[in-house]
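1. 3D model of this:
(one chain, ligands or ions: 1)
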Amino acid sequence: MTHQTESEYDAIAGAYKDSKQLSFREYIEEYTLFETLGDITGIKVLDLACGEGFYTRKLKRAGAGEVLGVDVSAEMIRLAKAEERARPAGCRYLYRDAAALVLDEPVDLVVAMYLLNYARDGNELLRFVRAAHGALKPGGRFVGSNDNVLYAPGGTVSYARYGFEKEYTGTPSEGTPSDGDPIVYRFTNDDGTRFEFNNYYLSPGTYRRAFEEAGFVGFHWIEPRLHPSERDNGFWDEFMAVPPVIGFATVKK
Ligand SMILES: C[S@@+](CC[C@H](N)C(=O)[O-])C[C@H]1O[C@@H](n2cnc3c(N)ncnc32)[C@H](O)[C@@H]1O
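-> Modelled structure (predicted):
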């Protein structure tokens, strides 16, 4: 798994970074994450699957005391470190497989934006979730976002006006995907650049079991929220009616 994911993101790292400029990132993705997190002043944070550091920097600038970003793509980590040199935010970065991560010092909060949907079965998922659990202090939170497993219609679903579509390969339209089925995300950035990557479907039950088995409590899904400044803007209706992504939050016992 690691090598395929690694090369996939090495090749698309720059395009993925640019996709963070698509408007749904700011008005829905980022808004939902920071609404969920609340006050993070002074706390220690681990950003698992940090990519080129988009949220790592935002977490630090939102007041976190220390933030470590970890990613398995060497190119993503290179971009993150280059940004840190150019415009220091005070973040640290580590090139590592999240499933194999062991920290010397535990953190208060683990954030994982689009990591868990790289697991292809319950065992791979459990390895990610256990790594997050192992990194946390008791009472620490694990918060993130994934492909929306509560709405998985099969076939191709277009979110073209927001810059992407997703295809449940292996599942016909209106069929229910099985654990491990690939979901191809195809993006078109504001400058017209196109790129794609795969996620993998796992059922809501597989997620719940992994969190429970790892020792988390209070697991719940978090529906995407729209920034208040956009609430009267019909542009977002399609996205909010059938959100492509979904958040989650849980706590280490
Ligand atoms: C969709 S990107 C999200 C990046 C970042 N969290 C963000 O929201 O901008 C998914 C990231 O997961 C990373 N990733 C996938 N499998 C991983 C693993 N086993 N360990 C660490 N990172 C992984 C990829 O390299 C990629 O940077």
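2. residue numbers of this protein in contact with the ligand?
-> By the rule Cβ under 6 Å from any ligand atom, the part of the chain lying against the ligand is 2, 5, 9, 20, 49-51, 54-55, 71-73, 76, 97-99, 113-115, 118. (Glycine included, C-beta is placed from N, CA and C.)
3. one more pass at 8 Å, please.
-> Within the chain, the positions adjacent to the ligand are 1-2, 5-6, 8-9, 13, 16-17, 20, 29, 47-55, 70-73, 76, 96-99, 101, 112-115, 118, 128, 145, 197 by Cβ under 8 Å from any ligand atom.
4. report the buried members of the residues you listed.
-> For the residues of the chain next to the ligand, a neighbour count by 16 or more other Cβ atoms under 10 Å gives the buried set as 5-6, 8-9, 13, 16-17, 29, 47-55, 70-73, 76, 96-99, 101, 112-115, 118, 128, 145, 197.
5. okay, and which of the residues you listed map to strands?
-> Using DSSP state E, the subset of these located in strands is Asp47, Leu48, Val70, Asp71, Ala112, Met113, Ser145, Phe197.
6. if I look at the residue nearest to the second one when sequence neighbours are not counted, how far off is His133?
-> Read it as Leu48. Computed as Cβ to Cβ, 6 or more residues apart in numbering, the closest residue to Leu48 that is not its neighbour in sequence is Ala112, at 4.2 Å. Counting by Cβ to Cβ, to the nearest Å, the separation of Ala112 from His133 is 12 Å.
7. quickly list what's touching both of the two.
-> Residues touching both Ala112 and His133 (Cβ atoms under 8 Å, 6 or more residues apart in numbering): Phe142.
8. can you check the pLDDT for the spatially closest residue to Tyr162 that is not a sequence neighbour?
-> Nearest residue to Tyr162, sequence neighbours excluded (Cβ to Cβ, 6+ apart): Phe24, at 4.7 Å. The score at Phe24 is 97. That number is its pLDDT.
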